[in-house]
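>>> sequence plus the predicted model coming up.
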Amino acid sequence: MMKGRLKRTIAKLEEQGLTYALISTPENVMYLTGFKAIGQPPKPCHLLISAKEPKAKLLVSPLDYEEAMESVGSELEVVKLKTKSVADALSKILPRGRGVLGVELGYVNHLFLEELKSKLKDVELKDFSSQVEELRAVKDSEEVEAIKKAVQVAEEAIKKGLNLIVEEATEREIAAEIEYEARKAGAEGVAFDTIVASGPYSAYPHRTAGERKVRKGEAVVLDEGVRVKGYCSDITRTVVLGKIPEKLEEAYVAVLEAQEEASRALKPGVKASTVDAKARTWLKRKKLARWFIHGVGHGVGLSVHEKPALAPKSHDRLMRGNVVTLEPGIYLDKLGGVRVEDMYLVVKEGAMKLTTLEPRLVL
């Protein structure tokens with residue numbers, strides 16, 4: 001599979017008239033090599049691809065050399081960096097003579113770019129930021145299986161987490177237990193810091209779990225994602241302890257209906273913005289759209305947020321093999337928020353829901 005991915009990347013490289021491409025984004029390096037560059041912090045490595053040479057070169061630090069040698073296939077050459085300067089290494093690897101090097105300008109920093117310009121004076125630099133991400137948007141069967149496992153693990157952890165939502169439990173305690181249960185169930189780690197947001201803070205879409213204690217009659221939003229074989233899941237559930245405020249219940253029902261409307265639009269060839277519009281139109285009908293303040297969803301893979309973007313101004317189109325979330329949410333000032341997020345695989349005739357955990361509002 002890696003060989004096919006490299007071939008498709010070389011085709012992208014040739015389309016742009018590039019001689020080489022330097023891949024630096026950890027997710028892209030892993031996608032093309034199998035070497036687990038993703039981490040906290042990510043491993044310092046780069047992949048040099050040539051339009052003319054048969055083998056791509058994976059440039060790694062001495063600390064990661066043995067692991068890289070065990071991880072990659074014969075179509076790659078692993079190069080141990082003898083200097084911290086990638087530009088120095090490239091100046092020795094690249095043959096003399098003018099060429100065009102594609103660089104992920106959306107990822108590398110200014111100092112890195114200036115050093116490349118200084119050390120590779122006879123090489124023209126061009127942007128190569130989005131090409132591998134476009135390839136990553138369409139998942140193969142191996143990737144889908146990893147994502148399914150990540151979904152399963154996250155669901156098991158969320159089920160355990162729901163049982164921990166009792167009066168006086170803190171958001172941070174619940175988040176910690178969810179992450180612990182995810183690790184026990186097979187997660188390599190979390191895809192992002194687990195969100196547990198209660199009461200008025202449930203109206204903050206990216207609230208960090210704090211010391212606030214859960215109270216009856218308030219919404220609690222759980223947003224959990226884990227990694228399995230590098231691939232992410234992303235699932236959200238909202239629950240209320242005891243009696244539900246009427247406005248929250250109305251918002252919750254509308255969110256579920258909006259998600260259903262959007263899911264019917266998930267088909268190959270459909271504009272991603274159209275999927276968002278389906279959910280947004282439904283919420284307008286319910287007079288709740290003003291409190292829907294983000295896109296309806298996003299792609300998921302080696303990154304928890306990747307192409308396609310399901311948002312009003314997105315230019316993406318859905319393709320067979322996309323894995324996406326649908327996460328409509330309503331955020332009411334002072335009262336709280338509700339959000340439900342599920343994952344879907346775009347297939348030939350529509351979409352297959354990957355999440356199986358049924359949403360329930362009342363605990």
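Yep, that arrived. Numbers count the residues shown, from 1 in each chain.
>>> residues contacting the nearest residue to Gly97 once chain neighbours are set aside?
Closest residue to Gly97 apart from its sequence neighbours, by Cβ to Cβ, 6 or more residues apart in numbering: Asp122 at 6.9 Å. Any C-beta I mention is one placed from the backbone N, CA and C, and that applies to glycine too. Residues in contact with Asp122 (Cβ atoms under 8 Å, 6 or more residues apart in numbering) are 96-99.
>>> pLDDT weak spots in the stretch 51-200 of the chain?
Residues of the stretch 51-200 of the chain that meet the criterion pLDDT under 70 are absent altogether.
>>> circling back to that earlier point, just curious, which of the contacts of Asp122 is nearest to Ile49?
Within the contacts of Asp122, proximity to Ile49 (Cβ to Cβ) peaks at Gly99, which comes in at 12.5 Å.
>>> which residues touch that closest one?
For Gly99, the contact set (Cβ under 8 Å, 6+ apart) comprises 19-20, 122-124.
>>> Val240 touches Glu218, doesn't it?
Yes: when contacts are counted by Cβ atoms under 8 Å, Val240 is listed as touching Glu218 (6.7 Å).
>>> where does the most centrally placed residue in the chain land on pLDDT?
The chain has Val304 as the residue nearest its centroid, 1.6 Å off, counting by Cα atoms, centre = their mean. Per-residue pLDDT puts Val304 at 98.
>>> what about it, which SS state?
What DSSP: H, G, I helix; E, B strand; the rest coil gives for Val304 is coil.
>>> about what we covered before: among the contacts of Gly99, name the ones in strands.
Among the contacts of Gly99, the members falling in strands are 20, 123-124 (criterion: DSSP state E).
>>> before we move on, back to that, looking at the contacts of Asp122, which one is closest to Leu32?
Closest to Leu32 out of the contacts of Asp122 is Gly99 (20.0 Å), distances taken as Cβ to Cβ.
>>> what about the closest one, distance to Leu90?
Here the distance between Gly99 and Leu90 works out to 11 Å (Cβ to Cβ, to the nearest Å).
>>> am I right that Arg320 is in contact with Val346?
Yes: when contacts are counted by Cβ under 8 Å, Arg320 is listed as touching Val346 (5.8 Å).
>>> any shared contact partners between these two?
Residues touching both Arg320 and Val346 (Cβ under 8 Å, 6+ apart): Pro268.
>>> neighbour-wise, which of the two wins?
For Arg320 versus Val346, neighbours defined as other Cβ atoms under 10 Å are more numerous around Val346 (24 against 14).
>>> what segments of the stretch 101-250 of the chain are strands?
123-127, 189-190, 195-198, 219-224, 226-228, 231-232, 235-240 (DSSP state E, counting those that start in this stretch).
>>> I'd like those strands as JSON lines, with distance to Arg290 and mean neighbour count appended.
Listed next are those as JSON lines, based on distance: least, Cβ to Cβ, whole Å; neighbours: other Cβ atoms under 10 Å:
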{"stretch": "strand 123-127", "distance to Arg290": "37", "mean neighbour count": "15"}
{"stretch": "strand 189-190", "distance to Arg290": "32", "mean neighbour count": "17"}
{"stretch": "strand 195-198", "distance to Arg290": "20", "mean neighbour count": "27"}
{"stretch": "strand 219-224", "distance to Arg290": "18", "mean neighbour count": "27"}
{"stretch": "strand 226-228", "distance to Arg290": "33", "mean neighbour count": "27"}
{"stretch": "strand 231-232", "distance to Arg290": "30", "mean neighbour count": "28"}
{"stretch": "strand 235-240", "distance to Arg290": "19", "mean neighbour count": "24"}
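>>> between the ones you listed, which gets nearest to Ala137?
Go through those one by one with Cβ to Cβ and the one that ends up closest to Ala137 is strand 231-232, at 13.4 Å.
>>> just checking, what packs against that closest one?
When contacts are defined as 3 or more Cβ pairs under 8 Å, 6 or more residues apart in numbering; DSSP states H and E, strand 231-232 sits against helix 141-163.
>>> just list what the helix it packs on packs against, helices and strands only.
Secondary elements touching helix 141-163 (3+ Cβ pairs under 8 Å, 6+ apart): helix 171-184, strand 219-224, strand 226-228, strand 231-232, strand 235-240, strand 323-326, strand 342-346.
>>> redo that, cut-off 6 Å
Using 3 or more Cβ pairs under 6 Å, 6 or more residues apart in numbering; DSSP states H and E as the contact criterion, the secondary-structure elements in contact with helix 141-163 are helix 171-184, strand 219-224, strand 226-228, strand 231-232.
>>> quick check, nearest of the contacts of Gly99 to Arg8?
Distances from the contacts of Gly99 to Arg8 were compared by Cβ to Cβ; the smallest belongs to Tyr20, at 16.3 Å.
>>> show me the beta-bridge partners of the nearest residue to the closest one once chain neighbours are set aside.
Nearest non-adjacent residue to Tyr20, counting by Cβ to Cβ, 6+ apart: Leu101, 4.8 Å away. Beta-bridge pairing of Leu101 under DSSP bridges involves Tyr20, Leu125.
>>> alright, that wraps it up for me.
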